[in-house]
Each structure stands twice: as C-alpha cells, then as structure tokens.
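A.B. asks: A structural model of the following input is requested.
(chains A and B)
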There are 2 protein chains.
Amino acid sequence: MASLVSGLLSLHAKRQDGGLDYNSAPPNLSILANNSIFETWRPKAHVLPPSEHIGDPCMHYTDPKTGTFHVGYLYSSDNSSGAAAGITNDLVTYRDVNPDVPLFIEPGGKNDPLAVFDGSVIPDGINGSATLLYTSVSYLPIHWTIPYTKGAETASLAVTSDGGRNFTKVNQGPVIPGAPQGSNQLNVTAFRDPFVFQNQYFDEVLGSNNGTWYNVISGGVHDSRCSQFLYRQVDPEFRDWEYLGEWWTEPSNTTWGDGTWAGRWGFNFEVANVFTLSETGYGNEGKSSDFFTTIGTEGGDFPVPLQKSPDHDMLWINGNVSLSENGTIQFEPTMAGVLDWGSEAYAAAGKLVPASSQASKKSGTTVDRYLSYVWLTNDNYGQSNFPKAQQGWDGSLLTARELSKGTIPNVVDNSLVHEKASWLVTGHDNSTGTVELTTLRQCIVRELYSAITDDAQETYHQPARNLSSNADLDIAPKSKFYVMKASIDFPKSARGNDSDVKAGFRILESEQESTSIYYQFNNESMIIDRANSSAAAALTPGIFTTVEAGKLRLFDIREPSGSSKVETLELTIIVDNAVVEVWANDRFVMSTWVWSWYSASNKLGFIVEGSEEISFGNVTVYEGLVDAWPERSD
Amino acid sequence: MASLVSGLLSLHAKRQDGGLDYNSAPPNLSILANNSIFETWRPKAHVLPPSEHIGDPCMHYTDPKTGTFHVGYLYSSDNSSGAAAGITNDLVTYRDVNPDVPLFIEPGGKNDPLAVFDGSVIPDGINGSATLLYTSVSYLPIHWTIPYTKGAETASLAVTSDGGRNFTKVNQGPVIPGAPQGSNQLNVTAFRDPFVFQNQYFDEVLGSNNGTWYNVISGGVHDSRCSQFLYRQVDPEFRDWEYLGEWWTEPSNTTWGDGTWAGRWGFNFEVANVFTLSETGYGNEGKSSDFFTTIGTEGGDFPVPLQKSPDHDMLWINGNVSLSENGTIQFEPTMAGVLDWGSEAYAAAGKLVPASSQASKKSGTTVDRYLSYVWLTNDNYGQSNFPKAQQGWDGSLLTARELSKGTIPNVVDNSLVHEKASWLVTGHDNSTGTVELTTLRQCIVRELYSAITDDAQETYHQPARNLSSNADLDIAPKSKFYVMKASIDFPKSARGNDSDVKAGFRILESEQESTSIYYQFNNESMIIDRANSSAAAALTPGIFTTVEAGKLRLFDIREPSGSSKVETLELTIIVDNAVVEVWANDRFVMSTWVWSWYSASNKLGFIVEGSEEISFGNVTVYEGLVDAWPERSD
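C.D. replies: Sure thing, here's the model as predicted:
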C-alpha cells in the first residue's frame, strides 16, 4: 500500500491549533494553513477516522472468532480511498483496524476500477471467514438525476484472513453483475449498497434452507419508482445470488401519508438495511410484522441541479412481509418515520450485534441487538465549501443507536393517534379510552450511555422549576463535551395550532454565540436554531447557521387518576464539541453540527416563550464523555 | 496505438527467404532466423493477416452504407492482440482494414482487461453504425476442463464511426454480464462468442417486433451439457438483452447417432452461428425446419490434460424450432454433419451476405447468401511446436463457403439412406423406389470460384480414362497454386465392408514427397495421407504428417434407364501452397496443411488400389489462383 506513505506524511502535519485565539472573533478559516483547526470542532466520543474524510458507515460485523465488533465506513483522502474500520470490544472505545490509515479495502481491481461503495459483511462466510459483499464501481458519474451507465455498480466479494485488517478481493467477476434485466428493461437510478441478512421467516416462506443469506440492493427505476432489489444466496461460496424481484417499491417522488412523519420516498433509495425487531432488540423469531428497513432517500422537487442531491432523508419503515399471488415475497409498509431528522444525518448502516459479542458479554446484555450508525456529513454531502483542508478531517458517525420495537402505553384515544404516521395503534383499552402505540424505539447504545453518565468526569444537577420566560441555568459545564438530560412538561393548554409555546434550552452559549434547542408546540416540531451558533460563520463559508427541524408528537397520556396530561418531553442532548445530538422520548433523534468558536461558549439556558408556564424537571449534565480512540496518538 | 510501432518494425524484418534451397533437404527450420520461411508455405488466395497469428474468424458484416463486406478474425502478435479485418467488394480480393496491423479493436478496457474474444456485428446498429457484440474477457484461464471463474467472459458493445477501421467500446459495463444465474446455479464450461441474428420466425413465435435482434452465446454446464444460451434484444441501443433460456443443449460427451456422421457434441460448445437456409442461400422465409447452426465442439475422452483441448469438431446441425410447453423456444436437431473434416479446421464464422452487397451486385447474385469462413490452425490449437517465429505468421482462414440447403435426387431407397446421419429423407417416389435426400450444401464462394477457374493463368486438361492401378497424370502445374477438378466413378462392386477399393490423386509430388488424397470405399472415408508429404518433417517439429480422414457416403443413384449406379465422386481440390482443401459433391470439405518442401513437388498422379477398375472423368487443373491481397507490399 504505497499510497499510505504520503498519507502518513500528511498525518504528521496535523493538529497545529496553536496561534488561534478562541477568545476573540475568528478570521476566515478557509485561508488558514491545512490542519490549523484540526481540534477546534473534533468530537471525542464518536466514530471517525484519525483524519481525512469519512463517508457512509457500512460493512460492520462481529467477528465470530473473537466477538470483536467492527465498525466500517467509507474513507477517502487525497492519497487513498476505500473502506476503513474501527474495532471495539465494549462499544465505547475503538481502535483503528489499521493504524494511521485504517483502510481494509481499496478500489482498483478488475471489478472496481473506480471505487468501492457500501457493502455488508457475512461474518461466517467463505471458508468461515468474514466475507464482504460490496458495491464495486466501474463507471462514473452515477446519480439519480442523470442516465445510468449500465454496469456502473456491481456487487463483488472480498474475504479477510487476518481478522479484518485486509479484505482480499475474490478473483472472479462480480457475483451480482448489475441490475436485473430482461423483457422489462430496468433503467435504474442506482444499484448499490448490498445489505446481507439471514431471516427465519424468509427461509420458511421461501422454502430456503435454514440460515440462507439474503441481500437487498438499493436503487430505483427512472421515471417510475424507488426500489429494493432482493436476492437469495445460491451456493456456499456466495458466487451466485438468485434474484427474487423488487420486494418493495414506492412510486417516484411520493411520500408516506402526507409526508409529515416520514419525509419523501424521493427518486432513489440508498443504503437499505433489512432486519427484524422485537421489544428487546433483534427480532429473532422473525414474525411477518417484525420487519423493519432503514433507507436513505434521494430526492427533491424538480428541477434539481444535475448530479447534485439537495435533499436526503434518512427513514425507517416497519411493514408486513408476505408472499404475493405470483409467489414473490413482498414488503408492505405499515408505519414509517425518520431515523434522524438532521438534514446532514444520513446513510445509516446497522448490524446484528449478537449476545455472544464481547461488548454484550461485558455489559451483561443477554439479547441480540440491532445497532445502527448514522453518518453526519460535514459539508452538505460535498456541496458546501466548509474549510475541510484547514480542519484536516470532515464528517463523523453519530452515536450508535440500539433499535427495537417500542410501545407507548396509556395514550388517550383521540384524533392525535389516528394518522398515517410513524406509529401504529396496537392495543385498545375501551374501559379507559386509551390505546397502546407501537413505534421504532431508538436508544443510545447502552454501553456508551453508561460510560458517559456513570463515569462522567463531573456531574451537574439543576433542580426542577417552573418557568414563564427564558432563564439562565445555575449550572454550566466547563467544556463542550457532555450529555444533558432533562424533562419538560407542557400544560394541556399549550396544544393547538395557535399555540405560541416554545420550551427548551440554549446551549454552547456565550455573549457572542448561542444555539437554541426547543420544542415548538404549534407545529409539533423540535428545533435546533443555529442562527447565532457560530462566530466563524461571519467570514468562513460552509459554516451553516440554518435551522434544523424535526417532527415529534407528544400524545395525551391517561394518568392513573383518570385525567390526561401531555406526554412529558424527555430530552437527552449530547454535545461532543461540534456534534450535537438531540434525543427525545426514545423515538426521536435529530443530529447536527454546531460550530461554536468561543471558549466561553459553554453556558446553558432555559428557553420558554409563550403565554404558558412550563415545568422543567431536574436537569443533569454529565461532563467529560469518553475518548473513543484511546490508542490514537494526539 | 503505440503498440503498433514495434509491430511495424518487425514487419520490415520479414520475408527473407533468401538462402534456403528448395531443391535439397531442409535443415531444422526451427533454428533459423525469424521470418526465414515467411513465403515458403504462405497461401495466396486465402484470408490471413499480413503477418503474425490469426485466430478465430468472427465479426464479419456488410457495411450497409457501402456494401463492402468485412471479414474479421482474432489476431495476435508479441506486441498486440485483438480483432482485425480485411474488407472486400468482390469476395475475391481483400484489403486490410488498417495497414500493417489490421486491428480494429484491442483488449484493455474495463470490460475486457485481458482479452477480446469472438463476437459478431449488427450492421445497422447503434445510431445506424455497425455495432459489435463481442466477448470481453476479464479472468483467465478459461477452459472446459477447469472450474469456471465467474464473470470471466461477458458480452460488450463497440461501435465504429469510421467504416470499421476502429470500433470504439461503448462506455458502459457488459450488456450481458456473464452466464445466467438464479436458483439453478449454472456452473458453465464457457460463455462466449455472442452471435447476433434476425429471424422472422422467431419474431412471430416469440411475439417480438419485426426485425428484433437475437443472439446465441456458446458454452455448456459442467458435468451436464453443452449449450446455446439464447438472448433477445430489449432496447434500440442493445444495452439490455433478455435471456430466453438454453434453446439447445446436448448431454456432455454424447454424439449425434453413433457419432459416425457428426463427431462428438463434446463437453463444450464454441462459436455457435444460427441462421436459416433455403435451397438458394439464406432462408429469408424462416420456416421452422430451415434453421441451421454451426458449432465448434470441445471434447475428447477423459482424462484429458487440464487446459488443453486434444479434440475439436466443427459441426453443422439442421433442426426444427418450436415453442415448448412452458413457452420457451427450443431447437431440436434433425440432422447433423461435419462442416470441415480437417482436424485443424475449426471455429467457423458466417454471416448473411445480402444481395445488396457490392460483391453480389458485381457477380449478379440476386439472392441473399450465408457465407462461412473456417479457421485452419497452424499448430494444433497452440499445442505443437511448429516454427511460427521462423515463418512469421501462422494459421489461415479457409476458402469462404456458401451454405445452402442441398438436395440429392434419385437416391435408391435402400439401407444406405436410413440412418441418423447428416442427411434427411425429404421425398419419396414409390414408382422408382427412390428418395430425395436433403443435406447441407457447401460450395466455394462463387466469385472466387469464377476468378480462379475462368481467369486461371493456365488451364490443364487430362482426358477421362479407366484405371486399375496407380498412374501418372499427363499434366502438372508449374506451381503449388491451383485448383483441380475431377470426377471418379466406382463400380457397384466396389461397395462393401471387405472392399479393397481406393481411388484418388497424389498431389504435391516429387521424388522426395507426395500427398495422397483418396476415397476408401470399405469405410466410406476420404483420406489425406500426409505420411510422405513433407521433407521438412524429418528435422523440424510441428510439421504434421498424420492422416486426415472424413466420412462421405456415396449413395446408389437411380439412372433414367432404371438401373442404379454408385454416385459419382465429384472432387475439387484447392492447393494454395501449403493449404489444401478437398471439396466433394457439394457436401463434404476436408482441409489441412501440406508442408511440401521441394520446388519439384508439384506433380500429380492417379491413385487406384484394389481389385476394381475405376473410371476417372476429365481432370482440369486451373493454375494461378488469385492474389487475395493485391494492396499488400511484398
């Protein structure tokens, strides 16, 4: 890997923050020397490479021999590209699978002369070795806005024999040599990101051998639909895959319901994952209604600039799986939502983490889990002029999230409940006039949550209080590395289209800067207002100060007394330097970058607007987080 | 094409025959300087490149804009490889499509990093330009005796915009990205040589648009069968092809009947052509029973050396086409024969030559024809040590043959007729006790035949005579470039298993050398006995002196008088220096190399052995042939 030499050289030039004054207004950062602001906004507890660009997460797996979990991602620098990985035994700390430049596969073979795109791993694959099924790219450009070059994306195999440090390409052509073709020519918008999975329900319905592998490939058909192309393993070497059809499609440029709760299907699907969930984690029983998929959708209203993607949505869908009349297996959505509402959060890649994994055994987790990593682009998917060279890196993965089937009990059976939305009514209690709702549950991976709360360097408590207007908090972390937990109760009178109620917190605040995170009742939205979030935005391009917004419905909850109240807003806000993640009620996440400049911008405040008094529960701030990469030299 | 520079340099070093004495015994030729024997055995009237190696003929077409016919072939030298072509307006003389090194496509693209194998041309293809569908090779080795590397052979497109001098690869992946796969994994033996054709009968039966293109790809399935994989055009750009199934298969290592008349199906099919024939030429009406295919079969009894092919048969098959119960189109052979019985003759590639072609218009040919070129390997398919470097070239195409449906009338309806063979009984006349047989008719392409007979430099006539033993002919050509026509009548008593009758001719004869061509009645075989054919064989390896043999049945023919006679053996022997072709009765061809050394080896003789008197008709020798490549500088 000769290309790594220059990569190493550039590494030694990093982290020269000296000379910048974080107590006065920043200059135009885009004219500074490379790596000048390497540490300025770099997160600490997140997964990202030692330097350079991180792309889509993908290719995760638990090594069945060691129980080690590998978190893969696309990587590129001026000198190299491909897929890289970190490995972890505790889901808290990671080490690079290769030091300096953690690539384990690079493009340039016969199948992938131009690029390696997303793939996924069969942990116990060819000859028992971890086997990667990845997108091998031969022709560019590829984009849903332009005609597709036949054969541009194929699916090829690579196998590791050294514990994942290198994946060696199998010396044969692609195992899936492009989009299906036949009498109905498929003029695809994309054909990539093969995602492998096993499923007992599939085996039964399709009459497959137990433990057969399947995969879905993401894409769509021009002027027609977004699609998941389904395949089944044919042979033990994964050399051939049987095409089982488009098991799920949605018409181009349509939405789930009116689009309120799950954005747009767009014009093309990417990065589809398929998995089953139970209430405790991975749904090993594999019932028809347990099927979930996460997808990235590419879209936007026409006309859009060619080869640019102004809009990406990162969605999850739950549905029923059944055999159609003609014997093909089909997926029919029953609810759909947004996995992360941040406009820069995309390309989720998850994987079954078995109870036998090292991390699970250490944390006493006895259930199989489904863990998903979401990407946070640094530069609006390459469209902005963020000073990447000056930073020396860009992008990050977000905090890993455990997905499961979640229920909301004791929900008053009123009009708030009945909607084509991101929840389902799965139980009725006529005696109390309540229903039970089911939705996707998203929680911070338990090991990390324990680590950053139980083992916090410092913990601050702010007692509960009621407020009618903005106020300062009595507590403030000393740094920009913390997690904050809080709950907010709204009066029933806050509900309504003409409500003027907003409540939340100001974070990363100083005299010069402040970021507002609040719930706005009249449109049931969680907002991250970055308008005044960064002094750097004044002179430096690519420092976004736009508003991030996501939809969260707070239902009416029947109390034991028989009366009802507005569901409490339970907030967990992770601030890892410039990465800010807002988690709410185990079913809402919105993540973004907040590029605060001033050292003093670490204060907190209450936000209360409108005519109502708002009840804030205890606020706890756990400061310090963890260094996810203890073996990296700074 | 930088690689051509060194090709040009080597060309200037050619044709240094000086110093060799063709009146005394030759030395070991394999230790001479390169190109020392360039002219020694080089044919004059045949299609072959200016120098270096010729492989399979393929990629022929008539340019619809000019009416020029392009004869393509695989080409390789130390410096370059790919496909090359000669073009002709009269089917007599050719010029190289590019001077010196007539390549029009070379490997090295994304689809064909290793090699370009056989393909075929849609004359009026993408945007009306000649469009090549060819075998793009990514992985080697490929051989039916070893496991197949998935994706090793795919089918890709290239288009010419300069009249065929260059074919530019379409910038996309293969249009057929490898062998079909699915629930029944096809572990193919090969998947190559796409042969395109249009067919009205197909259009009707399959409900295709008029003028739809189809193609067959040749191969087989390990431990199962030899196959032709059938595809149908999907779109006007030929980007996608619909797989219509294996329209014809034969079990591995089986034969047509007992193998007497059509050799072995072997273990793998190559170079399949599919076309329809009428009694005048190309069968434009496309009846079900008009379908013919030519195939190369690879085989031999196990165990065979891995990656070596001891045996190749070049076969033709006529059959019926019909829809199977499940709606797939199927080919069912009704007769099968050998296209050329020479053991080194293989890889026939034919093409429709429309009446609108320049050559047809010049020769007044008003019917569409099907013209096939057969390859004659110089070195047993690369297995021998023929002194190729000393010769500076190797291999040739054989004289182009016009194929049509031929009939043999007035055949006595006896046991000779009723056999699973290379003919069909297609008519009965009970009053005379005769049948009409139908078989494949093969004739020397008419324009060339006219040129080498009508315009011969010298013509020799030997009157008819009856002979009971060997005799000299009164005539002898001055050179080794001629065509000889003769007929031989055998008495009815010559027939029988215990017959000792042999009759024919000695050619290329001198005191030191002689080649015997004769018909041997007891096993109905045409023989070319090369045992004493070449003085060079004594010291030089790779100069074969083995016997060539082919099967030809002479039927009993009812004469107007009511009596019957043995069908006359009508011989046409082309001697083009070392290329010797034996044509018989418009239905038999056997071609080979005869490497006579001595200048004096140009004499002729009668062969008569056995207890019967044989009647020889007039013998005519047309000397001179034609220079097929008048524009090449010698």
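A.B. asks: How about the contacts made by the closest residue to chain B within the stretch 451-600 of chain A?
C.D. replies: When scored by CB to the nearest CB, the stretch 451-600 of chain A has residue A:542 as its residue closest to chain B, at 33.6 Å. Every residue, glycine included, has its C-beta placed from N, CA and C. Counting by CB atoms under 8 Å, 6 or more residues apart in numbering or on different chains, residue A:542 touches A:30, A:379, A:384, A:385, A:386, A:387.
A.B. asks: if you average pLDDT over stretch A:360-374, what comes out?
C.D. replies: Mean per-residue pLDDT for stretch A:360-374: 98.
A.B. asks: how long is that stretch from one end to the other?
C.D. replies: Length of stretch A:360-374, first residue to last, CA to CA, to the nearest Å: 21 Å.
A.B. asks: what comes up buried for that stretch?
C.D. replies: Using 16 or more other CB atoms under 10 Å in any protein chain shown as the test for burial, stretch A:360-374 gives A:360, A:363, A:365, A:367, A:368, A:369, A:370, A:371, A:372, A:373, A:374.
A.B. asks: Give me the distance between residue A:343 and chain B.
C.D. replies: 34 Å (CB to the nearest CB, to the nearest Å).
A.B. asks: same deal with residue A:450?
C.D. replies: 47 Å.
A.B. asks: which one is that residue nearest to, not counting chain neighbours?
C.D. replies: residue A:363 (7.3 Å; CB to CB, 6 or more residues apart in numbering or on different chains).
A.B. asks: go on, residue A:462?
C.D. replies: Going by CB to CB, 6+ apart, residue A:462 has residue A:619 as its nearest residue, at 3.8 Å.
A.B. asks: Now do the contacts for that neighbour.
C.D. replies: Residues near residue A:619 by CB under 8 Å, 6+ apart: A:461, A:462, A:473, A:475, A:484, A:485, A:486, A:604.
A.B. asks: Could you do residue A:228 as well?
C.D. replies: A:216-218, A:246-249, A:269, A:272, A:274, A:293, A:295, A:331.
A.B. asks: From the residues you listed, list the buried ones, please.
C.D. replies: Buried among these (16+ other CB under 10 Å): A:216-218, A:246-249, A:269, A:272, A:274, A:293, A:295, A:331.
A.B. asks: Could you verify my assumption that residue A:272 touches residue A:293?
C.D. replies: Yes. Judged on CB atoms under 8 Å, residue A:272 makes contact with residue A:293 at a distance of 5.8 Å.
A.B. asks: Looking at the buried ones among the contacts of residue A:228, which is nearest residue A:158?
C.D. replies: Using CB to CB, residue A:217 is the member of the buried ones among the contacts of residue A:228 that lies nearest residue A:158, at 16.8 Å.
A.B. asks: Residue A:611: neighbour count?
C.D. replies: Using other CB atoms under 10 Å in any protein chain shown, residue A:611 is surrounded by 10 other residues.
A.B. asks: okay, the residue lying farthest from the centre of chain A: pLDDT?
C.D. replies: When distances are taken from the C-alpha mean of chain A, residue A:431 lies farthest, 39.9 Å away, according to CA atoms, centre = their mean. On the pLDDT scale, residue A:431 is placed at 95.
A.B. asks: Quick one: name whatever helix or strand follows the strand or helix carrying residue A:70.
C.D. replies: Assigning secondary structure by DSSP states H and E places residue A:70 in strand A:69-76. The helix or strand immediately downstream of strand A:69-76 is strand A:81-88, counting by DSSP H and E.
A.B. asks: Quickly list what's touching both of residue A:272 and residue A:293.
C.D. replies: In contact with both residue A:272 and residue A:293: A:216, A:228, using CB under 8 Å, 6+ apart.
A.B. asks: care to break chain A down by domain?
C.D. replies: Following automatic domain parsing, one gets these domains for chain A: A:3-398, A:458-623.
A.B. asks: quick one: which of the ones you listed is nearest residue B:223?
C.D. replies: Nearest of the domains of chain A to residue B:223, taken as CB to CB: domain A:3-398 at 14.7 Å.
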